[in-house]
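Visitor: sequence plus the predicted model coming up.
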Amino acid sequence: MSLINKMLQDLDARAGQPGAAPLPADVRLPPARDPRPWLRGALAGGALAVVAVAGLVGWRMKGEPPAPVVASAPAPAPAPVPAPAPAPVSPTVVPVAEVAPPAPPPPPAAPQPAPEPAPPAPRTEAVREPARVAPAPRKQAAPAVADGRTETATQRTENAYRRALLVLEDGRVTEAIATLQAALKLDPRHEPSRQTLVGLLIEAGRTDDAMRQLQVALALDARQPSLAMLLARLQLEQGGPALETLTRTLPHAAGNGDYHAFLAGVLQREARHREAAGHYQEALRANPGNGVWWMGLGISLQAEKRDAEAVAAFRQAQASATLSPELAAFVERRLRQLGR
């Protein structure tokens, strides 16, 4: 938010701080200190690369190996036929017929070579062909392709922002403003583009346009206390609803001492000293060494007739040793008014 701080400081230098209004005409508060210089950094963008890898699996059909052929064993020889039982003894001897010897077994058959396996018969319905891989659907080309890489909307916004900074370096303010406006059309929440555009519009004297940009930013996201402070400062110069702007964003400024002190100064201008004192005390919890805030607290406490507390606040302002000679003299006069 250094850019916002610089713009607030510049506005302080032109118009004075809002808390200075209740002071006498001879006293003017100095501008708030800027904690950081205005840095303009181009945000680095990147491109997304997508690499697709595909593979095709092939199938190989193999036949079953044939079963081994085993040669048949030789047939066993026939068993000998037993002789018939002898007839009853008679005087005549009957010779027993001899049984012819068994025929020799045939020689074993020579082993035959194994027949070659017949090729498998062509199969029609039973054969399952390998599935064919369908080609991947073609992707539609995305817009804004640079160096073979597709740019996202965020990257296009970043690139537009960087182009605006480049043309701004060449002094082409009008072109830079137009480029930043184009970037915000792509991404209305791009904070660097919005802040830079507001700064350029203020420098160009286009205060109304700057306020419109700030109002759009806060409508998108009210959690931006610095933008609310800047809008309220511009509204103070134009007689706009600065207090309404600050009150709307107050829930998102917890612990922000600068915000509470700024709101306290605006409340002082409206002579709402009780509320102003409360916000000065809230600011001092975050930064108890700020002499200007102690002085503002003393002013509101004195206006509320809380003199003892006002004296203590003015003493704290003196002890901070941060007041300018002009403000130190003012605090001394207030203490004399209070009889201290």
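Guide: The structure has been received and is ready for your questions.
Visitor: and residue 229, what element?
Guide: According to DSSP states H and E, residue 229 maps onto helix 225-238.
Visitor: on the pLDDT front, check the spatially closest residue to residue 214 that is not a sequence neighbour for me.
Guide: Residue nearest to residue 214 in three dimensions, not counting chain neighbours: residue 231, with 4.1 Å by CB to CB, 6 or more residues apart in numbering. Where C-beta positions appear, they are placed from N, C-alpha and C, glycine not excepted. On pLDDT, residue 231 comes in at 97.
Visitor: do the same with residue 83
Guide: The per-residue pLDDT reported for residue 83 equals 45.
Visitor: likewise residue 56?
Guide: What the model reports as pLDDT for residue 56 is 28.
Visitor: ditto for residue 152
Guide: 87.
Visitor: same deal with residue 250?
Guide: 96.
Visitor: cool, the one 3 residues further on as well?
Guide: In this model, residue 253 is scored at 95, pLDDT.
Visitor: surely the residue nearest to residue 214 meets residue 213?
Guide: No - taking CB atoms under 8 Å as the contact criterion, residue 231 and residue 213 are not neighbours in contact, 9.3 Å apart.
Visitor: between those two, which has more neighbouring residues?
Guide: Of the pair residue 231 and residue 213, residue 231 is the one with more neighbours under other CB atoms under 10 Å, namely 26 against 23.
Visitor: show me what contacts that one?
Guide: When the contact criterion is CB atoms under 8 Å, 6 or more residues apart in numbering, the partners of residue 231 are 211, 214-215, 218, 242, 245.
Visitor: roughly how far apart are it and residue 282?
Guide: 21 Å (CB to CB, to the nearest Å).
Visitor: rewinding a little: would you mind writing the CA trace of the helix holding residue 229 as CSV?
Guide: Extracted in CSV, the C-alpha atoms of helix 225-238 (Å, rounded to 0.1, in the frame of the first residue of the first chain):
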residue,chain,number,x,y,z
PRO,A,225,-9.0,0.4,4.8
SER,A,226,-6.2,2.2,2.9
LEU,A,227,-8.5,2.7,-0.2
ALA,A,228,-11.3,3.9,2.1
MET,A,229,-9.0,6.4,3.7
LEU,A,230,-7.9,7.7,0.3
LEU,A,231,-11.5,8.0,-0.9
ALA,A,232,-12.5,9.8,2.3
ARG,A,233,-9.6,12.3,1.9
LEU,A,234,-10.8,13.1,-1.6
GLN,A,235,-14.4,13.4,-0.5
LEU,A,236,-13.3,15.8,2.2
GLU,A,237,-11.9,18.1,-0.5
GLN,A,238,-15.1,17.8,-2.5
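Visitor: can you give me the buried ones in it?
Guide: Going by neighbour count (16 or more other CB atoms under 10 Å), the buried part of helix 225-238 is 225-236.
Visitor: can you map out the helices along the stretch 151-300 of the chain?
Guide: Counting by DSSP state H, counting those that start in this stretch, the stretch 151-300 of the chain forms helices over residues 153-169, 173-186, 191-203, 207-220, 225-238, 242-249, 257-269, 273-286, 291-303, given from the N-terminal end onward.
Visitor: list the buried residues of the longest one.
Guide: Of the residues in helix 153-169, those with enough neighbours to count as buried (16+ other CB under 10 Å) are 155-165, 167-168.
Visitor: dump these to JSON lines, plus pLDDT.
Guide: Formatted as JSON lines, the entries for the buried residues of helix 153-169 read as follows, by pLDDT from 0 to 100:
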{"residue": "155", "pLDDT": "91"}
{"residue": "156", "pLDDT": "92"}
{"residue": "157", "pLDDT": "92"}
{"residue": "158", "pLDDT": "94"}
{"residue": "159", "pLDDT": "94"}
{"residue": "160", "pLDDT": "93"}
{"residue": "161", "pLDDT": "95"}
{"residue": "162", "pLDDT": "95"}
{"residue": "163", "pLDDT": "94"}
{"residue": "164", "pLDDT": "94"}
{"residue": "165", "pLDDT": "95"}
{"residue": "167", "pLDDT": "92"}
{"residue": "168", "pLDDT": "93"}
